[in-house]
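K.L.:
just to be clear, the model below is a prediction. Sequence and coordinates:
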Amino acid sequence: MNYEALTQNLIGMVKESQIKLGYTKTPIHLYFPAEAINHLLDAQLSVAELEAQLTQFAASVEDLLGMLTVSVKDELFCITVPEKGVAYVHDNVETSGFLEEFIACMSKPGHTIEEIIAVFRKYSDHVVVETPSKDTEEFDYLIYFADGKPDAYRYCIHDEMGQLIYHRFTQKEFENFGF
């Protein structure tokens, strides 16, 4: 099984956490529904099969990230990246200027959708901004880089009681959610 997408997703989530919260040499717990792991593995495995695959995955990345621990409750998996992995990401994974600026903008009180879009447009002329149909209550704006540069994620922005929040998904995750 190809673990590259899952590995990169974990590394990206650890880096995003470090940008948001700062670097601390403590384990990070990341949560995934079974469906999301299946998307990252390009598989259709049961929870039990995923648990077995994640054990193999943890062994395959041990030299890089340390021994990951995996637990599951119902269909929600928790993958814990140990101190070694957190330190590896901090020391070896370059911080994306875009992601850093985007998170700073999202953290600023009273930020607007125009300010968020301006951050995207600062990094590319190929920014797509969409508003979903009225049937979708999951988010108010979808923003992404059409060419995947500098970032291939889909950013779903939602106004939650006057505060704009975001979730980011891989293109495949986004498409499979059927938004």
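P.N.:
Sure, I can see it. For clarity, every value in this text was computed on a predicted model and none was experimentally measured.
K.L.:
and stretch 147-159, how far out from the chain middle?
P.N.:
Stretch 147-159 has its C-alpha centroid displaced from the chain centroid by 10 Å (CA atoms, centre = their mean, to the nearest Å).
K.L.:
now that stretch: mean pLDDT?
P.N.:
Confidence for stretch 147-159, expressed as mean pLDDT, is 91.
K.L.:
could you list the buried residues of that stretch?
P.N.:
D151, Y153, R154, Y155, C156, I157 (16 or more other CB atoms under 10 Å). Yep, even glycine has a C-beta here, placed from its N, CA and C like the rest.
K.L.:
need phi/psi at the fifth one.
P.N.:
Same thing as C156. phi -100, psi 120 (degrees, to the nearest 10).
K.L.:
setting the sequence-adjacent residues aside, check what's closest to it.
P.N.:
Once flanking residues are discounted, C156 sits nearest to F139: 3.7 Å by CB to CB, 6 or more residues apart in numbering.
K.L.:
and the helices in this structure, which stretches?
P.N.:
4-21, 34-41, 47-60, 62-65, 83-92, 97-107, 113-123, 171-177 (DSSP state H).
K.L.:
wait, A146 sits on E130?
P.N.:
No - using CB atoms under 8 Å, A146 is not in contact with E130; the gap is 11.1 Å.
K.L.:
for P27, see how far away the nearest residue to I165 once chain neighbours are set aside is.
P.N.:
Nearest non-adjacent residue to I165, counting by CB to CB, 6+ apart: H158, 5.6 Å away. Distance, H158 to P27, by CB to CB, to the nearest Å: 29 Å.
K.L.:
for H39, same thing?
P.N.:
Where P27 is concerned, H39 sits at a distance of 24 Å (CB to CB).
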